[in-house]
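# sharing a sequence plus its predicted fold:
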Amino acid sequence: MANKQNFKPEEWTKILESTMLAGMAVSAAEPNGLLGGLKEAVASSSTLAKAKSDPGANELVKAVVSDFETKEGRAAVQEALRQQLAGAKTPGDVVQRSLANLKEVSAILNAKAPQDAAGFKAWLQTMSKNVAEASSEGGFLGIGGVQVSDAEKATLADISKALGTSA
């Protein structure tokens with residue numbers, strides 16, 4: 001089973017970063033204000049927390065969650081995200097950069113952790129789906145609208161494509 005030692009430091013940082021970008025891509029696909037953004041952030045964090053207590057969680061997922069619990073891990077992700085998103089002018093830029101990261105992470109996982117790749121990719125898809133479903137889109141003050149917008153559905157499909165998995 002793969003863990004941090006199976007990867008070069010820059011590869012590991014990309015893997016850590018992918019956990020944030022999987023949710024950010026969906027959020028950026030259909031920005032929906034402060035309350036919606038908070039709900040989506042909580043959904044992403046909740047997915048991380050659930051993996052920690054899930055005895056059946058993929059070993060690579062557990063290693064990522066463990067690294068997020070360290071000051072160094074969080075600092076590495078924050079700096080990587082700052083660099084990744086520097087100069088992004090539109091939410092569409094964030095989506096495209098996120099998808100590029102996920103595609104790169106997919107290739108890294110396939111090459112260096114083939115036994116854990118499918119489980120980790122499924123977990124990233126779950127995180128994206130949880131973010132998409134966290135807040136209804138459209139309507140007024142959360143009333144009306146749809147649970148998952150067409151833009152979010154398209155981004156979920158793009159995430160699956162980037163990861164080389166089925167939706």
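On my side now, so go ahead. Numbers count the residues shown, from 1 in each chain.
# how about the helices in the chain?
9-29, 33-53, 59-68, 71-85, 91-112, 114-133, 150-163 (DSSP state H).
# so how far is the longest one off the chain centroid?
Once both centres are worked out by Cα atoms, centre = their mean, to the nearest Å, helix 91-112 turns out to sit 10 Å from its chain's centre.
# please apply the same query to the last one.
On the basis of Cα atoms, centre = their mean, helix 150-163 is displaced by 12 Å from the centre of the chain it belongs to.
# tell me, how many residues neighbour Pro55?
Pro55 sits with 5 neighbouring residues when counted by other Cβ atoms under 10 Å. (Each C-beta comes from the backbone N, C-alpha and C, glycine too.)
# with Thr155 instead?
Applying other Cβ under 10 Å, I find that Thr155 has 24 neighbouring residues.
# which regions of this structure lie under the pLDDT threshold?
Scanning the chain for pLDDT under 70 picks out 34, 36, 136-146, 167.
# check contacts around the residue nearest to the spatial centre of it.
Residue closest to the average C-alpha location in the chain (Cα atoms, centre = their mean): Ala22, at 2.2 Å. Each residue near Ala22 by Cβ atoms under 8 Å, 6 or more residues apart in numbering is listed here: Ser98, Leu102, Leu124, Gln125, Met127, Ser128, Val131, Ile159.
# quick one: the residue found closest to the second one once you drop the neighbours it is linked to in the chain and Asn110, what's the gap?
Think Leu102. In space, and not counting its chain neighbours, Leu102 is closest to Ala162: 4.1 Å by Cβ to Cβ, 6 or more residues apart in numbering. Look at Ala162 and Asn110: by Cβ to Cβ, to the nearest Å, they are 13 Å apart.
# quick one on the thing from earlier: could I get the helices of the chain as TSV with distance to Ala2?
Shown next, in TSV, are those (distance: least, Cβ to Cβ, whole Å):
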stretch	distance to Ala2
helix 9-29	10
helix 33-53	15
helix 59-68	5
helix 71-85	16
helix 91-112	7
helix 114-133	5
helix 150-163	16
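# identify, out of the ones you listed, the most deeply packed stretch.
Highest mean neighbour count among the helices of the chain (mean count of other Cβ atoms under 10 Å): helix 9-29, with a mean of 23.
# how many residues are close by Ala134?
Ala134, neighbours per other Cβ under 10 Å, totals 23.
# surely it touches Leu38?
No - with contacts counted by Cβ atoms under 8 Å, Ala134 stays clear of Leu38, the gap being 9.1 Å.
# residues contacting Gln84?
Residues near Gln84 by Cβ under 8 Å, 6+ apart: Glu17, Leu21, Arg97, Asn101.
# let's have the residues you listed in TSV, adding distance to Val42.
Shown next, in TSV, are the contacts of Gln84 (distance: Cβ to Cβ, whole Å):
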residue	distance to Val42
Glu17	20
Leu21	17
Arg97	23
Asn101	22
